[in-house]
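A.B. asks: Next come a sequence and a model predicted from it.
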Amino acid sequence: MISRAILQTLRYSDHFGFPLTVDEIYFRLVGEGSSRLLLIRNINKLLESSLIQKTDAYYHLPGRSSLVARRLKRAKLSNPLIARAQHLSSIFHSVPSILAIYLTGSLAVCNSSAASDIDLMIITQNHRLWTTRLLLTLYTSLLGLRRTPNSTKNTGKLCLNLYLTPKTYHLPPSKQNLYTAYELIQATPLYDPHNTHAQLLAANPWIHSYLPNVPAGPGPVGHNNLPTGPGPIGHLIESLSYHLQLLYMKSKLTRELITPDAAFFHPHDPGVKALRGLSLKGIPGCKPSRARRQAKGESSMEPDV
């Protein structure tokens, strides 16, 4: 039912203190496809029955009108952090192996507090991920830009917690969940000359099991326009970088997903506790048992390496 999907969508966003406009409800609608006209009809029915409320242009759960002022305040607080992220990305993309840099997390939707850090997703050339990560880690550590588990002041610090290559655009089943679907559609490109965002979304059609109203996009996009990978010496350097970093991190890793072509520094996906509040039964690809397994924590931290 559309009404049920609207409630699920607002409940999920309420977990992040984020009331939604009509367009945002349509785009983020969980588990059900809908036309805008049908969506608006069902929103009005929910308003009439007091199951949801509206404040200015935003819809929210009953008694949560204070979230509207909070969202507007956080949008203003996010502006300087976004400007900082844009400035730093303009420096990082001078590294030739970087294909794209994305802003992710709460800052990507302008929902950050003044003390927030900056979550970035880095796309690198194939067989260049760990060499690239080593360069960025050294640079951001030397300049004190990087958030680590031992950081005391994290305002504006960088959390480089996700690295991918074109080989790993299709995310593994363990990462295919509602939280990740939102993260992918909300990711804001700071640098993307090769249109990797379209490729990334096209490679993950499972997103539409959770968010059917998200545009399907142009379909699979080839990688022929991407820079070529490293030569034999570059492969050797990459292999050494991978094994040395893996050896250093070994004692610190918990549930992170680390491979030669991907690095997910998320012991627990942030926000998955919100899945406990959703009735997921009946949503394609969104099983309650999976939600319970995923709802185990909210930490997201790059290891101190």
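C.D. replies: Ah, there it is.
A.B. asks: quick one, strands of the chain?
C.D. replies: For the chain, applying DSSP state E gives strands covering 53-55, 58-60, 98-104, 118-124, 158-164, 188-191, 257-259, 262-264.
A.B. asks: Tell me which of those is the most buried.
C.D. replies: When the strands of the chain are scored by mean count of other C-beta atoms under 10 Å, the highest mean neighbour count falls to strand 118-124 (a mean of 26). Yep, even glycine has a C-beta here, placed from its N, CA and C like the rest.
A.B. asks: tell me what that strand is packed against?
C.D. replies: Judged by 3 or more C-beta pairs under 8 Å, 6 or more residues apart in numbering; DSSP states H and E, strand 118-124 is in contact with helix 66-92, strand 98-104, helix 129-142, strand 158-164.
A.B. asks: out of the strands of the chain, which comes closest to residue 81?
C.D. replies: Residue 81 lies closest, by C-beta to C-beta, to one member of the strands of the chain: strand 118-124, at 6.0 Å.
A.B. asks: Compute the inter-axis angle for the closest one and strand 98-104.
C.D. replies: With axes from the mean of the first three to the mean of the last three C-alpha atoms, to 10 degrees defining the directions, strand 118-124 sits at 150 degrees from strand 98-104.
A.B. asks: so how far is strand 118-124 off the chain centroid?
C.D. replies: In terms of C-alpha atoms, centre = their mean, to the nearest Å, the gap separating the centre of strand 118-124 from the centre of its chain is 10 Å.
A.B. asks: got it, and stretch 82-92?
C.D. replies: Worked out by C-alpha atoms, centre = their mean, stretch 82-92 lies 18 Å from the chain centre.
A.B. asks: same question, stretch 37-56
C.D. replies: Stretch 37-56 sits 28 Å away from the centroid of its parent chain (C-alpha atoms, centre = their mean).
A.B. asks: what does stretch 236-246 give?
C.D. replies: 26 Å.
A.B. asks: That one: which residues count as buried?
C.D. replies: Judged by neighbour count (16 or more other C-beta atoms under 10 Å), stretch 236-246 contains these buried residues: 237, 238, 241, 242, 245, 246.
A.B. asks: Only alpha carbons, please: show it as CSV.
C.D. replies: The C-alpha coordinates for stretch 236-246 follow below in CSV (Å, rounded to 0.1, in the frame of the first residue of the first chain):
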residue,chain,number,x,y,z
LEU,A,236,53.9,-4.5,-8.1
ILE,A,237,53.6,-1.2,-6.1
GLU,A,238,49.9,-1.8,-5.8
SER,A,239,50.3,-5.3,-4.5
LEU,A,240,52.9,-4.1,-1.9
SER,A,241,50.7,-1.3,-0.8
TYR,A,242,47.7,-3.6,-0.3
HIS,A,243,49.6,-6.2,1.7
LEU,A,244,51.4,-3.8,3.8
GLN,A,245,48.3,-1.8,4.7
LEU,A,246,46.4,-5.0,5.3
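A.B. asks: Contacts made by it with the rest, please.
C.D. replies: 127, 128, 129, 130, 131, 133, 134, 230, 258, 260, 305 (C-beta atoms under 8 Å, 6 or more residues apart in numbering).
A.B. asks: can you tell me which of the residues you listed lies nearest to residue 190?
C.D. replies: Relative to residue 190, the closest of the contacts of stretch 236-246 is residue 133; by C-beta to C-beta it sits at 17.3 Å.
A.B. asks: what's the closest non-adjacent residue to that closest one?
C.D. replies: In this structure, residue 133 finds its nearest non-sequential neighbour in residue 163, 5.9 Å apart by C-beta to C-beta, 6 or more residues apart in numbering.
A.B. asks: can you pull the contacts of that neighbour?
C.D. replies: 121, 122, 123, 124, 129, 132, 133, 262, 263.
A.B. asks: would you turn the residues you listed into a markdown table with distance to residue 72?
C.D. replies: Converted to a markdown table, these look like this (distance: C-beta to C-beta, whole Å):
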| residue | distance to residue 72 |
| --- | --- |
| 121 | 27 |
| 122 | 31 |
| 123 | 32 |
| 124 | 36 |
| 129 | 38 |
| 132 | 37 |
| 133 | 37 |
| 262 | 37 |
| 263 | 35 |
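A.B. asks: got those residues as TSV, with pLDDT and distance to residue 187 columns?
C.D. replies: Listed next are the contacts of residue 163 as TSV, based on pLDDT from 0 to 100; distance: C-beta to C-beta, whole Å:
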residue	pLDDT	distance to residue 187
121	96	6
122	97	11
123	96	10
124	96	16
129	97	18
132	96	18
133	96	18
262	95	15
263	93	16
